[in-house]
Structure formats: structure tokens, C-alpha cells
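>>> need the 3D shape of this:
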Amino acid sequence: MVEKTNPKITELITSLKEKSYQEEAAIWKDVARKLEKSTRRQAEVNLSKINRYTQKDDVVLVPGKVLSSGVLDHKVQIAALDFSLKAARKIDNAGGEILDISQLVEKNPKGTGVKIIQ
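Now for the predicted structure:
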């Protein structure tokens, strides 16, 4: 495990592990493990990939950054660590919703129906 220096990410990882234990939802522990990786090994996902593997109204979690390459032609909720400005604009234009990972955990504590794309 890599020692994280960003206190927000460290806090997020800790809260994900706690929520996983409290709700008996293995998805949050899996996401915490992915976030513990070095920054170089974290996911960078283009909108084209999200568009390809989702359908309208899906909930997607990216344990890393969402980039703007490609087109998003349907409405999805996307939670990620970070979004490029162009990606955020394209998600808004498609009618989608941008969430912080902690917001997604609060909205869906059991993690049901969440797709992890990396």
C-alpha cells in the first residue's frame, strides 16, 4: 500500500472501509483498495468508455479521474475522485449528474446497482 499524503483521500478511504463494515457492502472496501493505489495507477476513464458500458440512468463509480474524450449520449450519474472540466460539461449537456464518491455512499449506502468502471 502506498502512503497517501492528501488528507481528503485518506479520509475518504477510511470512511469507505467503515461504511463497508457497517452496511456489509463489499463494494466500498473494493473501491477503497483501488483508491489506495499510487496516483499513477489510479483509473483514468474517458466518456466514450462510460457511454459504451452504461445505459440510461445507470450509476457509475470511477475510482480515479473522468476525462472528456468521446461522447456521452445518455443520462447517467457518475461519481469519481475528479473530473476534467470538459468531461463535466459533456456530462451536464447529456443530462447526467456529477457526484463526489462520498455523496454516492450517502445516497446509496449498500452500493446496489453501482457499476465500477476503470
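>>> quick one: the closest residue to Asn93 other than its chain neighbours and Ser84, what's the gap?
Nearest in space to Asn93, with sequence neighbours left out and distances taken as Cβ to Cβ, 6 or more residues apart in numbering, is Leu72 at 8.0 Å. To be clear about C-beta, it is placed using only N, CA and C from the backbone, and glycine gets the same treatment. Distance of Leu72 to Ser84, computed by Cβ to Cβ, to the nearest Å: 13 Å.
>>> what comes up buried for the lengthiest helix in the chain?
Ranked by residue count, the top helix of the chain under DSSP state H comes out as helix 7-23. Neighbour-count burial for helix 7-23 flags 9, 12-13, 15-17, 19-20 (criterion: 16 or more other Cβ atoms under 10 Å).
>>> need the residues you listed in JSON lines with pLDDT and distance to Val76, can you?
Shown next, in JSON lines, are these (pLDDT from 0 to 100; distance: Cβ to Cβ, whole Å):
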{"residue": "Ile9", "pLDDT": "89", "distance to Val76": "24"}
{"residue": "Leu12", "pLDDT": "93", "distance to Val76": "21"}
{"residue": "Ile13", "pLDDT": "92", "distance to Val76": "25"}
{"residue": "Ser15", "pLDDT": "94", "distance to Val76": "24"}
{"residue": "Leu16", "pLDDT": "94", "distance to Val76": "21"}
{"residue": "Lys17", "pLDDT": "94", "distance to Val76": "26"}
{"residue": "Lys19", "pLDDT": "93", "distance to Val76": "22"}
{"residue": "Ser20", "pLDDT": "93", "distance to Val76": "24"}
